[in-house]
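Visitor: I would like to see how this sequence folds:
(chains A and B)
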Amino acid sequence: MNENRKLKMIVDEVEYETYSTPSFDKKQKWSQPDDKIILSIIPGTIVEILVKEGDKVKAGDAMLVIEAMKMNNKINFLKGGIIDKVLVKPGDIVSKNQELIILK
Amino acid sequence: MSINKKIEALNQKRKEVMLGGGEKAIEKQKESGKLTARERIELLVDKGSFNEYDLFVQHSAREFGMADKVLNGDGVVIGTGTIDGRPICVFAQDFTVVGGSLGYMHAMKIVKIQDLALKMRVPCIGINDSGGARIQEGVDALAGYGEIFYRNTQSSGIIPQLSVILGPCAGGAVYSPALTDYVFVVDNISKMFITGPEVIKTVLGEEITQEDLGGARVHSEITGNAHFFANDEKECFSQIRKLLSFIPHNNKDKNTERKVEKPVANIDINNVVPVDPTKPYDVRNVIKAITDNSDFVEVMEKFAQNMVIGYGRIGGKTVGFVANQPLYLAGVLDVDSSDKAARFIRYCDAFDIPIVTLVDLPGYLPGVDQEHAGVIRHGAKVLYAYSEASVPKLTVILRKAYGGGYIAMSSRHLKADFVYAWPTAEIAVMGPQGAANIIFRKEIAEAADPNEMRKQKVEEYKERFANPYVAASKGYVDEIIVPDETREKIIQALKLSETKAKVKTDKKHGVPPF
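Guide: Model prediction:
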């Protein structure tokens, strides 16, 4: 066995000596989502940005338009606030969960 | 025309059509490291046993200038042959003919061999090497796929269906293999995905190679779409022949019994499993110590390695093994290993293959990712599959069997027919540390030296409960056995199980947590 893949696994307070698997290596550590950072819910291309830094927005306001799978998707704010930073511009290709806008 | 002339003409026609896409295309196929469709079939079946059907079928497309085109065999070879003298049906897509693309008549050839396999109750083996739907044929190509998928589903549980991915298999085409029982892949040759790298790049801006997206390793290790991985095509076909020598060729086939052979591996079964439940070992050594010839055909060897599944013979009879693997992730049940085991159990049940379950697990894998990935519904599949299975179910508890994991792994309560435990077995509600911390919380907290008290209480708990005797005292375990008695006990139990009653119910089918 490859000693680099050695793993200590704790189940019900018991520590087991064992080895890792490829899927286990790929798992990502979970962290509390930050609702000030707005992430892309779909991958696609930014078509239009409807807000700018300093704007005051409320829940339901339109944020930007993303083209994905040949559809223009208008994305709205789920929560209000003041725009701190806009991290993307029209033409950018964004992946899922990429940071788009940061609220103050 | 004389008969000799007619025979000559036939042979000439055969020769022409069998050239597929022509010498140039064949050369290209070879350059990419692949064999041709007919060479593949030759490697699969017994020498000289292949009968090719529909050699002269032509495509039916009329649009886009297709009417005048001649596509030999319409890009697929179908027929029958034998493997170890037993008949099988086979189709092999011919990539040299317009990239093995699937048109309506191509699909109808596949459908013909699927129908024959189901009617004759023989295994159906599909060799996939195709660029996908023949776009010129439009909706007829889609109709073709649909007809194939329908037959895959109708045949499921009656005949074994094997898919061999020896080239691209993209888009809708992937769903026929996904519906079949066993998918074989070969390193650097197999490529399977719904949308290829080009589409992913233009739509999503993500760059990935075909190999990293859906190569043989990815499907063997990460996705779990493939069941057997081979380094080359030759190895792949010998894997298929070997698998078919173990499993029944239809759901009523009783011709799987072979001469009894003793295990040959040099393994001292009494000393395979460390007494300390936190130490790893390879459970496949237990399997090899009890199977005829120490032969074991492992299914999904590289996926969810914390669970081992596969076939072996004990006393001449084929059994399906489901075993926790302490070597990986301590043998826990998680989303992938539950899924892997549950489908295998259902396969064994459908084909009347007795199930031997080897238990050694601490429970379910803890973690946010597991909970969010749905370990509840995936874990439930194991409970469902074992509860539903009416084949003989034999359980051997090797070492730890804690909590929900104990219940799930073919326990008496899910109606295992025979439950054995080794003296190293620990059948308990949870590991001793966790249990002692809960039960003796107050004593530990109030002690002058809580750590010392905790240690003492854990030892006390271990002494009383970390053994097979508590479960045996309630009849949850039938026999506590010495490891080296295991093979003989299983042989006896399999003999007794041959006449196991089949209970009929009036339900159409259950609703498993798919």
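
Visitor: now do the worst-scoring helix or strand of chain A on mean pLDDT: which elements does it pack against?
Guide: Averaged element by element with mean pLDDT, DSSP states H and E, chain A has its least confident helix or strand at helix A:22-26 (a mean of 84). Other helices and strands packing on helix A:22-26, by 3 or more CB pairs under 8 Å, 6 or more residues apart in numbering or on different chains; DSSP states H and E, are absent; none qualifies. From N, CA and C alone the C-beta is placed, and that goes for glycine too.

Visitor: pull the CA atoms of that helix into CSV?
Guide: What follows is the C-alpha trace of helix A:22-26 in CSV, where atoms were taken according to Å, rounded to 0.1, in the frame of the first residue of the first chain:
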residue,chain,number,x,y,z
PRO,A,22,-9.6,9.0,-5.2
SER,A,23,-13.2,10.3,-4.5
PHE,A,24,-12.4,11.0,-0.9
ASP,A,25,-9.4,13.1,-2.0
LYS,A,26,-11.6,15.2,-4.2
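
Visitor: buried residues in it?
Guide: Residues A:22-24 are the ones in helix A:22-26 that count as buried (16 or more other CB atoms under 10 Å in any protein chain shown).

Visitor: same check on stretch B:279-291?
Guide: Counting neighbours by 16+ other CB under 10 Å, stretch B:279-291 gives B:280-281, B:283-291 as buried.

Visitor: dump these to CSV, plus distance to chain A.
Guide: Output for the buried residues of stretch B:279-291, formatted as CSV (distance: CB to the nearest CB, whole Å):
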residue, distance to chain A
B:280, 5
B:281, 10
B:283, 12
B:284, 13
B:285, 13
B:286, 16
B:287, 18
B:288, 17
B:289, 19
B:290, 23
B:291, 23
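
Visitor: for residue A:15, phi and psi?
Guide: phi -100, psi 120 (degrees, to the nearest 10).

Visitor: next, the contact list for it, please.
Guide: Contact criterion CB atoms under 8 Å, 6 or more residues apart in numbering or on different chains gives A:8-9, B:278 as the residues in contact with residue A:15.

Visitor: can you list the residues of chain B near chain A?
Guide: Of all the residues in chain B, those in contact range of chain A (CB under 8 Å from any CB of the partner chain) are B:203-206, B:221-222, B:277-280, B:302-306, B:326-332, B:336, B:362-363, B:365-369, B:372, B:402-403, B:430-435, B:437.

Visitor: let's see it at 7 Å
Guide: Counting by CB under 7 Å from any CB of the partner chain, the residues of chain B lying close to chain A are B:203-206, B:221-222, B:278-280, B:305-306, B:326-330, B:332, B:336, B:362-363, B:366, B:368-369, B:402, B:430-431, B:433-434, B:437.

Visitor: any of the residues you listed buried? List them.
Guide: B:203-204, B:221-222, B:278, B:280, B:305-306, B:326-330, B:332, B:336, B:362-363, B:369, B:402, B:430-431, B:433-434, B:437.

Visitor: thinking again about what came up before, mind listing which of the buried residues of stretch B:279-291 are in helices?
Guide: Counting by DSSP state H, the part of the buried residues of stretch B:279-291 found in helices is B:284-290.

Visitor: name the helix or strand for residue B:321, please.
Guide: Counting by DSSP states H and E, the element that carries residue B:321 is strand B:317-324.

Visitor: mind listing what the residue in the stretch 151-300 of chain B that chain A sits nearest to touches?
Guide: When distances are taken as CB to the nearest CB, the stretch 151-300 of chain B reaches nearest to chain A at residue B:205, 3.2 Å away. The neighbours of residue B:205, taking CB atoms under 7 Å, 6 or more residues apart in numbering or on different chains as the test, are A:93, A:95.

Visitor: what about it, distance to residue B:511?
Guide: Taking CB to CB, to the nearest Å as the measure, residue B:205 and residue B:511 are separated by 41 Å.

Visitor: so what's residue B:274 up against?
Guide: Contacts of residue B:274 were listed using CB under 7 Å, 6+ apart, and they are residue B:281.

Visitor: again, but for residue B:483
Guide: Neighbouring residues of residue B:483 by CB under 7 Å, 6+ apart: B:269-270, B:422.

Visitor: most neighbours among those residues, which one is it?
Guide: For the contacts of residue B:483, counting by other CB atoms under 10 Å in any protein chain shown, the largest number of neighbours falls to residue B:422: 23 neighbours.

Visitor: in terms of contact, does it touch residue B:398 like I think?
Guide: Yes - with contact defined as CB atoms under 7 Å, residue B:422 reaches residue B:398; the gap is 5.4 Å.

Visitor: residues shared between the contacts of those two?
Guide: Shared contacts of residue B:422 and residue B:398, defined by CB under 7 Å, 6+ apart, are not found at any residue.

Visitor: how close does residue B:30 sit to residue B:16?
Guide: Residue B:30 sits 20 Å away from residue B:16, going by CB to CB.

Visitor: please apply the same query to residue B:496.
Guide: Taken as CB to CB, the spacing of residue B:496 relative to residue B:16 amounts to 60 Å.

Visitor: in chain B, what secondary structure element scores lowest on mean pLDDT?
Guide: In chain B, the helix or strand scored least confidently by mean pLDDT, DSSP H and E is helix B:197-204, which has a mean of 81.

Visitor: the strand ranked longest in chain B to strand B:317-324, inter-axis angle?
Guide: Residue-count comparison of every strand in chain B, with assignments taken from DSSP state E, identifies strand B:393-402 as the longest. Between the direction of strand B:393-402 and that of strand B:317-324, the angle (axes from the mean of the first three to the mean of the last three CA atoms, to 10 degrees) works out to 10 degrees.

Visitor: show me how far strand B:393-402 is from its chain's centre.
Guide: Its chain's average C-alpha position is 22 Å from that of strand B:393-402, according to CA atoms, centre = their mean, to the nearest Å.

Visitor: which helices and strands does it pack with?
Guide: Here strand B:393-402 is seen to pack against strand B:355-361, strand B:418-421, strand B:426-428, helix B:486-497 when contacts are counted using 3 or more CB pairs under 7 Å, 6 or more residues apart in numbering or on different chains; DSSP states H and E.

Visitor: run through who's touching the least confident helix or strand of chain B.
Guide: With contacts defined as CB under 7 Å, 6+ apart, helix B:197-204 is touched by A:43, A:69, A:95, B:206-210, B:213.

Visitor: top of those residues by number of neighbours, please.
Guide: Busiest of the contacts of helix B:197-204 [other CB under 10 Å] is residue A:43, holding 19 neighbours.

Visitor: what pLDDT does that residue get?
Guide: Predicted confidence (pLDDT) for residue A:43: 85.

Visitor: equivalent analysis for the one 3 residues further on, please.
Guide: For residue A:46, the pLDDT comes out at 93.

Visitor: sorry, back to before: closest to residue B:260 out of the ones in helices among the buried residues of stretch B:279-291?
Guide: Taking CB to CB as the measure, residue B:290 is the one of those closest to residue B:260, at 12.6 Å.

Visitor: ok, residue B:447 to residue B:437 distance?
Guide: Noted for residue B:447: a distance of 13 Å to residue B:437, by CB to CB.

Visitor: most tightly packed of the helices and strands packed on strand B:393-402?
Guide: Per-residue neighbour counts averaged over each of the helices and strands packed on strand B:393-402 give the maximum for strand B:355-361, namely a mean of 27 (mean count of other CB atoms under 10 Å in any protein chain shown).

Visitor: what is that strand packed up against?
Guide: Other helices and strands packing on strand B:355-361, by 3+ CB pairs under 7 Å, 6+ apart, are strand B:317-324, strand B:393-402.

Visitor: partners of the shortest one, with directions?
Guide: So the one you mean is strand B:317-324. Pairing partners of strand B:317-324, with direction, according to DSSP bridges: strand B:307-314 (antiparallel), strand B:355-361 (parallel).

Visitor: so which of those strands is nearest residue B:59?
Guide: Proximity to residue B:59, assessed across these by CB to CB, is greatest for strand B:307-314 (40.4 Å).
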